[in-house]
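[1] sequence first, then the predicted structure, then my questions.
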Amino acid sequence: MEATITILALLLVAFVALGVYIGVKAVRAAKRGVDRTITQARRTVEDTTLRAKSYGQVGVAGTLAQLRLDLRTSMRATQDALQAGVAEDASLSESLGLFERLSVHGRELDDELKRLEREPDRATVAALLPKLKERTERITHSADSLRWAARDRAQRFHEDDLDALNAQIDVEAGALRHWTVEDPQAQPQAPAAGAAGTVPRTDTARGRGPGVEWPEPSAGAGSSSTAEASWKGPADEEVLQAITAPDPRLRTGYPWQKSARPETTN
């Protein structure tokens, strides 16, 4: 029983601690959101005021307002570009460090321009304007260089990625259309007459040897003596039999054949 009470107490304490932690995190997040909103609102009001002064006032006041507006616009655009790009490209972290060092000089110049706006001695402020313009141009030029370099780098990466993707799509499209590619070696070709590799029709397929010639017919082709005179081999004998049947009594026997015995009469 005591163990159960102890466990429940520990769970209650854990839940209370977790609730306090979540509440503190929520309050801090809300505070950051409010501070961010207030900062953005103050910045918007200041920019609107400076733009109104640069358009509505002439002389030293208008020039100072225009310098502050140009400086703040350039620095804010560069900061947003680098912070957005460093999440995708870690190499921009060094550029972001350089911009932080540049921001120190930019804030000092903005504070100095802001103080000079309330300076009653306009002649002295007018004498300082050339140097103030030069400092503003140097800072804005450096900030613009970092911003455009980061944008060019990001654009180059996107172009390389697009080129690689287009190449892969072309290969895949070619693979999908593989049936349209004709292979000239795959098409059967009929062998030409007399071409190399063809087997000519010879008399061997008809039972004649390669060295045996077909006998020329003569005037006495119908007689058996002429057929026997023109006979040159066993293969010709079969051919001559198809033309003129020889007399069995006149056929020359082979030496291993036995001679027929004459019939005897009793």
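    It's in. Residues are numbered from 1 along each chain as shown.
[2] surely Asn78 and Asp144 touch.
    Residue 78: Thr, not Asn. Yes - using C-beta atoms under 8 Å, Thr78 is in contact with Asp144, at 7.1 Å. Using the backbone N, CA and C atoms, a C-beta is placed for each residue, glycine as well.
[3] of these two, who's got more company?
    Thr78 (25 against 14; other C-beta atoms under 10 Å).
[4] residues contacting the more buried one?
    By C-beta atoms under 8 Å, 6 or more residues apart in numbering, Thr78 lies in contact with Phe99, Ala143, Asp144, Leu146, Arg147.
[5] ok, now how distant is the closest residue to Glu117 other than its chain neighbours from Thr48?
    Using C-beta to C-beta, 6 or more residues apart in numbering and skipping residues adjacent in sequence, the residue nearest Glu117 is Leu64, 5.3 Å away. Noted for Leu64: a distance of 16 Å to Thr48, by C-beta to C-beta, to the nearest Å.
[6] tell me which of those two has more neighbours.
    Comparing Leu64 with Thr48 by other C-beta under 10 Å, the one with more neighbours is Leu64, at 25 against 10.
[7] got a pLDDT number for the more buried one?
    Among the per-residue scores, Leu64 shows a pLDDT of 90.
[8] that one: what's it in contact with?
    By C-beta under 8 Å, 6+ apart, the neighbours of Leu64 are Leu113, Leu116, Glu117, Val125, Leu129, Leu132.
[9] returning to that earlier point: just the ones of the contacts of Thr78 in strands?
    In strands, judged by DSSP state E, none of those are found.
[10] can you add distance to Ala84 and pLDDT and give the residues you listed back as CSV?
    Below are these laid out as CSV (distance: C-beta to C-beta, whole Å; pLDDT from 0 to 100):
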residue, distance to Ala84, pLDDT
Phe99, 13, 93
Ala143, 15, 94
Asp144, 16, 93
Leu146, 13, 92
Arg147, 11, 92
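[11] most widely separated two among the residues you listed?
    Farthest apart among those by C-beta to C-beta are Phe99 and Asp144. That separation is 11.4 Å.
[12] would you map the helices across the stretch 51-200 of the chain?
    Assigned by DSSP state H, counting those that start in this stretch, the helices in the stretch 51-200 of the chain fall at 60-85, 92-117, 122-176.
[13] and those, which is most packed in?
    Ranked by mean neighbour count under mean count of other C-beta atoms under 10 Å, the helices of the stretch 51-200 of the chain are led by helix 60-85, which reaches a mean of 19.
[14] just the angle between that one and helix 122-176, please?
    With axes from the mean of the first three to the mean of the last three C-alpha atoms, to 10 degrees defining the directions, helix 60-85 sits at 30 degrees from helix 122-176.
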